[in-house]
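Undergrad: what follows is a predicted protein model with its sequence.
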Amino acid sequence: MEPALVAASRESAAIFPQAQSAALCRDAATPWFMEKEGVRGSFDWRLALLWGAAATGSFHLAMIVPALSGLMVVFLFSLLQLTGLRTARHAFRCGAVIGFAVYAPHLAFFWTIFNWAAVALWGVLALWLGLFVVLARAVRVRWGMIPAAVLIPFLWTGLEYFRSELYYLRFSWLSIGFTFAETPRLFRLTALGLYGAGFVLAAVSAGATLLPRKRAIGLLATTALALGLARFAPDSAEVPGARAVKVAGVQLEFPASLEVPAALDTVRRAHPDTDIFVLSEYTFLEPVPERVKAWCRTNRRYLIAGGKDPAADNQFFNTAFVVGPDGEVVFRQAKSVPIQFFKDGLPAPARSLWDSPWGKIGLCVCYDLSYRRVVDDLIRQGAQALIVPTMDMADWGEAQHRLHGRVAPIRAAEYGVPIFRVCSSGISQLVEANGRVQASAPFPGQGAVIGGVLNLAKPGRLPLDHYLGPAASGLTAGIGAILLMLAVTRRPPKTTVLPRGRGPAGEGACATTQCGLRA
C-alpha cells in the first residue's frame, strides 16, 4: 500500500471514533423537539430564547389570571427544554435569567423596602432556578432520559423546599403551588400540600419530555385545562360537629394606644356578639396597655393583639398576646421566624396552642404562616383553627398585599383548619377550612372592620408533602454531591492530536477532537 494512503487511513481511523463520540454526546443533550427526519441538531440560542420566552410568559399568565393557573406545567416543561444546551454554564445562565424575569416583576415591592439591595435579592431567587436547570441537565446527560424524568420532580421539590423553608433567605411566596390560591380545593381533595402540587406538575412535565411531540402537547394541554377548570368544582363548606366562635377585627397601622378602645367599640357595634376581638401585629410597641386591658374587663371579651414582649439585653419578642375577659394576659405566642434584615425581635423559643373555651387555637404572627415547619408544628399539637395578627405596611403597595393574601387560603385547605388573619392595612381574611374566603377587608383599609364565624371542628391534618419536602431536599443534596464527585474525579476525555490542518473541522482547524457536550 502506498505510504501516503496508509497515513490517510490511520488519520481517518483516529478521527472517526472521536467524531462519532461527539455526535452521540450531542445527541444525548438534544431534546425531542430538535428531532427532524431522524437527524438531531445542536441546541442554538434562538431556541433557548424561544423556550425562555415560553417559560416567562406562562409563569406570568399563571400568576396573574386564575383561570390560566394550569400554565405552570408549561413553565416547567419549557425549563426542561433548556437541558438541551450543550454546556452546563449556558444552562445555568439561561435558568438564572429566566428566574430574574419571572420573579423580579412580582417582587417589585422589594425596591420600596430595600432599595438597591432588592436587585441582589431578586438575583438570589433567580439563582435557584438556574441551579435546577443545571442539575436537571446533569442527571439527564449522566444517567439518561428515563432516570432523569424520575429524578426531576424530586430535584424541583427539593430545591423549592430548601429555598422556601430551610436556609437564611428562605422565601416561599413564589413557589408554584401559590398559583392555585383561588383553587384551594386542589389541596383539600388531594392532600398534596403546596410542595406536593409542585412535585406533581414537575412529574407531568418530565414525563412529557419522554413522549412523541403530539402526545406531549396533548398531555400538557389536558393538564393545564383540568387545573383551570378545577376552580369551578363544587366543594362543601359544612363542618359537622363544629363549635362556632364569633371573631372580628379592625385594620389599624401603628395606632396610638388611646385610639384602640374607641376602635374596638366600633367593631363591637358592627359585630355585637363577637367572642374574640383581633388586632394586627405591632398594634402596640409594648405589652398590651392597661387601658386596653380595662376595655376587655369592662366588656367581658377576649382580645388578641400584637405587641412587644421585653427580653434581656434590650431585646424583645414580637408577640401575639391573648387578654381574657378579666383583663389579664392568659396566653402569649412569640413570632417564630422574624423577617430578615428587620428589627423584628428574637425567634420564639417554643410554640404552643391556646386552649381556648372553644377549642385549641394556634397563633401565627404574620410571616410565620408562610412557613410549613411552623404551621406543621401547631397542627401536630392538635390546632383546630389559626389566628394570624399580621402587619403589611401600606407603603409596600397593593401587589405585596395581594401576594401575601395567597397564603391563608392555601394553608387553610392544606391543613383543613379555618384561619382568621387580621392585617394592619389589608388584606385581612376570614378563611373556611376548605380554603374559601368567607370575608375580607380591603387594601388600603385603615379602620376597616372584618368579622364572621370561625368553625372549630376536629384538629387539622398534615399534608403529604410534610414528608415529601424534607425527603426531596435530602435526595437533591445527595444527587448534587454525587454529580460533583463524578465531575471532580472523572477522567478527561481522550483526545487525538493530529497535525495542524488535518482536523475534522477542515483545513487550518485544530485537530484535537473531544465530545461536543461539556460540563
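TA: Sure, I can see it.
Undergrad: and the helices in the stretch 201-350 of the chain?
TA: 213-229, 260-270, 290-299 (DSSP state H, counting those that start in this stretch).
Undergrad: what's the answer for the stretch 401-519 of the chain, then?
TA: Going by DSSP H, counting those that start in this stretch, the stretch 401-519 of the chain shows helices at 407-415, 465-489.
Undergrad: now the host helix or strand of Val73 against helix 213-229, angle please.
TA: Per DSSP states H and E: Val73 is located in helix 72-81. Computed by axes from the mean of the first three to the mean of the last three Cα atoms, to 10 degrees, the angle separating helix 72-81 from helix 213-229 equals 140 degrees.
Undergrad: mind listing what's buried in helix 72-81?
TA: Met72, Val73, Val74, Phe75, Leu76, Phe77, Ser78, Leu79, Leu80, Gln81 (16 or more other Cβ atoms under 10 Å). C-beta: built from backbone N, CA, C; applies to glycine.
Undergrad: separation between Ala350 and Gln381?
TA: Noted for Ala350: a distance of 11 Å to Gln381, by Cβ to Cβ, to the nearest Å.
Undergrad: I meant Cys366, not that one.
TA: In terms of Cβ to Cβ, Cys366 sits 20 Å off from Gln381.
Undergrad: and if you look at Pro289?
TA: 30 Å.
Undergrad: these two: which has the busier surroundings?
TA: Pro289 (17 against 13; other Cβ atoms under 10 Å).
Undergrad: how about the more buried one: what's its closest non-neighbour residue?
TA: In space, Pro289 comes closest to Ser257 once its chain neighbours are excluded; the distance is 4.5 Å by Cβ to Cβ, 6 or more residues apart in numbering.
Undergrad: thought that neighbour was touching Leu285?
TA: No - using Cβ atoms under 8 Å, Ser257 is not in contact with Leu285; the gap is 9.1 Å.
Undergrad: those two: who's more crowded?
TA: For Ser257 versus Leu285, neighbours defined as other Cβ under 10 Å are more numerous around Ser257 (16 against 11).
Undergrad: all strands for the protein, in order.
TA: For the chain, the strands defined by DSSP state E occupy 35-36, 39-40, 243-250, 276-278, 302-310, 316-323, 329-334, 354-356, 359-363, 385-390, 419-423, 428-431, 437-441, 449-456.
Undergrad: before we move on, the earlier item: please name the residues that touch the residue nearest to Pro289.
TA: Counting by Cβ atoms under 8 Å, 6 or more residues apart in numbering, Ser257 makes contact with Phe284, Pro289, Arg291, Val292.
Undergrad: what is the nearest of those residues to His466?
TA: His466 has its nearest neighbour among the contacts of Ser257 in Phe284, at 34.5 Å by Cβ to Cβ.
Undergrad: for the stretch 151-300 of the chain, what are the low-confidence residue spans?
TA: Scanning the stretch 151-300 of the chain for pLDDT under 70 picks out 235-240.
Undergrad: may I have stretch 426-436 as PDB, with CA atoms only?
TA: Taking Å, rounded to 0.1, in the frame of the first residue of the first chain, the C-alpha atoms of stretch 426-436 are listed here in PDB:
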ATOM      1  CA  GLY A 426     -55.200  44.900  54.400                       C
ATOM      2  CA  ILE A 427     -55.900  42.300  53.100                       C
ATOM      3  CA  SER A 428     -57.500  40.800  56.200                       C
ATOM      4  CA  GLN A 429     -59.200  37.400  55.600                       C
ATOM      5  CA  LEU A 430     -61.600  35.000  57.300                       C
ATOM      6  CA  VAL A 431     -61.000  31.700  55.600                       C
ATOM      7  CA  GLU A 432     -63.000  28.500  56.000                       C
ATOM      8  CA  ALA A 433     -61.400  25.100  56.500                       C
ATOM      9  CA  ASN A 434     -61.800  24.300  52.800                       C
ATOM     10  CA  GLY A 435     -59.800  27.400  51.700                       C
ATOM     11  CA  ARG A 436     -62.800  29.500  50.700                       C
END
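Undergrad: now do it: distance to the chain's middle.
TA: 19 Å (Cα atoms, centre = their mean, to the nearest Å).
Undergrad: how about stretch 388-402?
TA: Computed by Cα atoms, centre = their mean, the chain-centroid distance of stretch 388-402 equals 18 Å.
Undergrad: with stretch 242-260 instead?
TA: Centre-to-centre, stretch 242-260 and its host chain are 30 Å apart (Cα atoms, centre = their mean).
Undergrad: CA atoms of it as CSV?
TA: Extracted C-alpha coordinates of stretch 242-260, given in CSV (Å, rounded to 0.1, in the frame of the first residue of the first chain):
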residue,chain,number,x,y,z
ALA,A,242,-68.0,22.2,64.7
ARG,A,243,-68.1,24.7,67.6
ALA,A,244,-68.7,28.2,66.3
VAL,A,245,-66.7,31.1,67.7
LYS,A,246,-67.5,34.6,66.5
VAL,A,247,-64.5,36.7,65.7
ALA,A,248,-64.0,40.3,64.5
GLY,A,249,-61.1,42.6,63.9
VAL,A,250,-60.1,46.1,62.7
GLN,A,251,-57.2,47.2,60.5
LEU,A,252,-55.0,49.6,62.4
GLU,A,253,-51.4,50.6,61.4
PHE,A,254,-49.4,51.7,64.4
PRO,A,255,-52.3,53.4,66.2
ALA,A,256,-51.8,55.4,69.4
SER,A,257,-52.9,53.3,72.4
LEU,A,258,-55.5,55.9,73.2
GLU,A,259,-57.2,55.2,69.8
VAL,A,260,-57.6,51.5,70.3
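Undergrad: in that stretch, what counts as buried?
TA: Within stretch 242-260, the residues that count as buried by 16+ other Cβ under 10 Å are Ala242, Val245, Val247, Ala248, Gly249, Val250, Gln251, Leu252, Glu253, Pro255, Ser257, Val260.
Undergrad: relative to Ala457, which of those is nearest.
TA: Among the buried residues of stretch 242-260, and counting by Cβ to Cβ, the member closest to Ala457 is Ala242, at 4.1 Å.
Undergrad: if I look at that closest one, how far off is Thr183?
TA: Going from Ala242 to Thr183 by Cβ to Cβ gives 24 Å.
Undergrad: next one: Phe171
TA: 22 Å.
Undergrad: more neighbours: those two, which one.
TA: Between Phe171 and Thr183, counting by other Cβ under 10 Å, Thr183 is the more crowded of the two (25 against 19).
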